[in-house]
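Enquirer: fold the following, please.
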Amino acid sequence: RGGSTDIPVLGAPAMPPALSVGAAAAAGARTPAAAIELCSYSLMALVNLAYSCPRVQSAIGECDGVHLLLQLLQGPAVALHPIATFCLSNVVKGHPENVAAAVGAGAARVLAAAVTDDDDDELSKSAFVCLAALEEQGAQALTHLIDEAVSRLGGGGQGAASGGGPGHVASSGGEGVPPAVAADVAADLDRLLPVLNGLIYTQEGVAPTVRAAGGLAVLLRVLDVRVPLPGHVRVQAVHALLNLTHGRSKELQDEACSLGAVPLIAECLVHAVPQLDVFEQGEAAAACYFFLLNLILNNAAAAADFASCSEADAALAVLTAHSTPPPPGSGGKGAGVEEEDAFAAARQPAAECFLQLCDQPTTSATILSRSGGTGTLQALAGSSMPAMIAQKAASLLSELSIDARGPDAEAAA
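Expert: Down below sits the predicted model:
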């Protein structure tokens, strides 16, 4: 490029040779190995040419190169998929027109399908980087895809909460959904939800974009037990919601609560988490408690939503059980035998949620009377939990004028 007014290869109006070879591969023809090799080297050249160069990016976009790269990603020449993804990332990064072309051509779905949890999968890593390069438009597209998937199960329309106040997100139930459709939607969400969560967690600015696109309501509908989905899919939505509400602002809490987030997370604890493998349940429950804590922290109205929801008794029983570790030997392995605690990850966030509920004037008496909560407070005050939890439990006991030895001691006094 050095000082020349022409861009080598890409200066002509016709499709550049590098893309022409790719077009042959994308067409599904029996492309000879030599042609695939040439295409691979051509893509590598485009990767370098397009990097931070708006002129090259524009030239590729003008000759429909964005669509061709997406066709390559879906074509039979699997060896070209990683480099084509890398190339697409450089072609769209910082180029709004190419981003719009990619999103309009379905890039979000194509790239999300390539993302896995394998750290050694080069295609997966390139696909995620490319999704990040789609910025706000990519996050919006993923949110809309999740919304469309849930709507196939009778999960309502985007961003619409049902009438009648907090406690429900619009849903028509999902009765009569063919099993094949339900399985297809679950598989779709299984791909889309972790990717959206990853973008929310790693990319600054994605969370506000998802919220603006109605993402809170969309993700909460995945938790609705009336929508037929397996427990692990609901838990994936919980992880995304946890990161989406990380700020814990009053405005964010109120928005989530107006959509019925607290009753829905209670339903998830009672119905979705037990569907998982026992050692997956601990991590899933922890995510639920962290999300619940984001909502009820210093928020009396949200705490009241929990205490008054239809699953309050069952959810409170689960919460109380998870708040303190089981006694030694309770697993049946005998005295002196260390046993792994399947819910170890959930203990601290469960305890923090319990203490928040006990600390709110709107819910304290109800929580303590319905859960045998003074016993849980005593157990927490004398536990090996982090000091802030033990101290908070002791402080609440003191405020309730209950001696750490138990309520009988006060009565005797």
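Enquirer: nearest spatial neighbour of Ala79, skipping sequence neighbours?
Expert: For Ala79, the nearest residue in space outside its immediate sequence neighbours is Ile36; the separation is 6.1 Å by CB to CB, 6 or more residues apart in numbering. In short, each C-beta sits where N, CA and C put it, glycine included.
Enquirer: what is the neighbour count of the one you found?
Expert: Counted with other CB atoms under 10 Å, the neighbours of Ile36 add up to 18.
Enquirer: for it, give its distance to Asp121.
Expert: Taking CB to CB, to the nearest Å as the criterion, Ile36 is separated from Asp121 by 20 Å.
Enquirer: ok, Leu38 next?
Expert: 25 Å.
Enquirer: neighbour count for these two, which is higher?
Expert: Taking neighbours as other CB under 10 Å, Leu38 and Asp121 compare with Leu38 leading, 18 against 15.
Enquirer: let's verify Pro326: helix, strand, or coil?
Expert: Three-state call for Pro326 (DSSP: H, G, I helix; E, B strand; the rest coil): coil.
Enquirer: Ala344 is in contact with that one, correct?
Expert: No. Under the criterion of CB atoms under 8 Å, Pro326 is not in contact with Ala344, lying 10.2 Å apart.
Enquirer: thinking again about what came up before, helix or strand for the residue nearest to Ala79, just tell me which one.
Expert: Secondary structure assignment for Ile36, by DSSP states H and E: helix 33-50.
Enquirer: next, the buried residues of that helix.
Expert: Ala35, Ile36, Leu38, Cys39, Ser40, Ser42, Leu43, Ala45, Leu46, Val47, Leu49, Ala50 (16 or more other CB atoms under 10 Å).
Enquirer: ok, stretch 217-235 next?
Expert: 217-229, 231-235.
Enquirer: contact partners for the nearest residue to Arg109 once chain neighbours are set aside?
Expert: Leaving aside its chain neighbours, Arg109 sits nearest to Leu145 (5.9 Å; criterion: CB to CB, 6+ apart). Leu145 makes contact with Ala108, Arg109, Ala112, Asp188, Leu192 under the criterion CB atoms under 8 Å, 6 or more residues apart in numbering.
Enquirer: can you pull out the helices in the stretch 201-350 of the chain?
Expert: 206-212, 215-223, 231-244, 250-258, 261-267, 278-296, 300-308, 312-323, 344-359 (DSSP state H, counting those that start in this stretch).
Enquirer: what's the separation between the residue nearest the centre of the chain and Ala102?
Expert: Geometric centre of the chain, nearest residue: Ala240, 2.2 Å, by CA atoms, centre = their mean. Distance of Ala240 to Ala102, given as CB to CB: 22 Å.
Enquirer: and Asp313, by the same measure?
Expert: Shown here: Asp313 relative to Ala102, a distance of 49 Å by CB to CB.
Enquirer: neighbour count for the two, which is higher?
Expert: Shown here are Asp313 and Ala102; by other CB under 10 Å, Ala102 has more neighbours (30 against 14).
Enquirer: tell me who's in contact with the residue nearest to Pro230 when sequence neighbours are not counted.
Expert: Residue nearest to Pro230 in three dimensions, not counting chain neighbours: Ala186, with 5.7 Å by CB to CB, 6+ apart. Neighbour list for Ala186: Leu229, Pro230, Val233 [criterion: CB under 8 Å, 6+ apart].
Enquirer: check Gln203 too.
Expert: Ala132, Glu135, Ala139.
Enquirer: where neighbours are concerned, which of those has the most?
Expert: Going by other CB under 10 Å, Ala139 tops the contacts of Gln203 with 27 neighbours.
Enquirer: cool, thanks, signing off.
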